[in-house]
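In: no sequence on this one, just coordinates:
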């Protein structure tokens, strides 16, 4: 404290950096928040770009995606399964098998 009861001048004056903006920076107190938001947006943008590149690279050369593997059995396999379970007899199996083969 000074003799007149005031705090020292160096303590009471607002300090500033060399650009004259004080310790709050050029954007005031929100400077760090804006900076963090900008970095988050940049990182999200980079992640989206990587995702898009990987997605495009995984497509086949003709521009379409590769078809999913067949999950349903062919008609011949279904016929054989029904015959193995005993749903149809030998005569019906051979008749339907000939129809499938086009004879």
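Out: Okay, I see it. Remember, predicted model here, so these are calculated numbers, not experimental data.
In: nearest residue to residue 97 other than its sequence neighbours?
Out: Spatial nearest neighbour of residue 97, excluding adjacent residues (Cβ to Cβ, 6 or more residues apart in numbering): residue 79 at 6.4 Å. To be clear about C-beta, it is placed using only N, CA and C from the backbone, and glycine gets the same treatment.
In: isn't that neighbour right up against residue 100?
Out: Yes: between residue 79 and residue 100 a contact is recorded at 6.8 Å, counting by Cβ atoms under 8 Å.
In: okay, the two: which has more neighbours?
Out: residue 79 (19 against 13; other Cβ atoms under 10 Å).
In: quick one, what contacts residue 96?
Out: By Cβ atoms under 8 Å, 6 or more residues apart in numbering, the contact set of residue 96 is 79, 88.
In: Give me the buried stretch members for the helix or strand it falls within, please.
Out: Residue 96 is part of helix 90-101 when elements are defined by DSSP states H and E. Within helix 90-101, the residues that count as buried by 16 or more other Cβ atoms under 10 Å are 93, 96.
In: Helix or strand: which one has the residue nearest to residue 97?
Out: helix 75-85.
In: quick one: contacts of that helix?
Out: In contact with helix 75-85 (Cβ under 8 Å, 6+ apart) are residues 73, 88, 90, 93, 96, 97, 100.
In: Just name the lowest-scoring one in these, pLDDT-wise.
Out: Across the contacts of helix 75-85, the bottom pLDDT score, 58, is held by residue 73.
In: returning to that earlier point: in the helix holding residue 79, which residues are buried?
Out: Quick answer for helix 75-85 (16+ other Cβ under 10 Å): 79, 83.
In: report the angle between the axes of that helix and helix 90-101?
Out: 170 degrees (axes from the mean of the first three to the mean of the last three Cα atoms, to 10 degrees).
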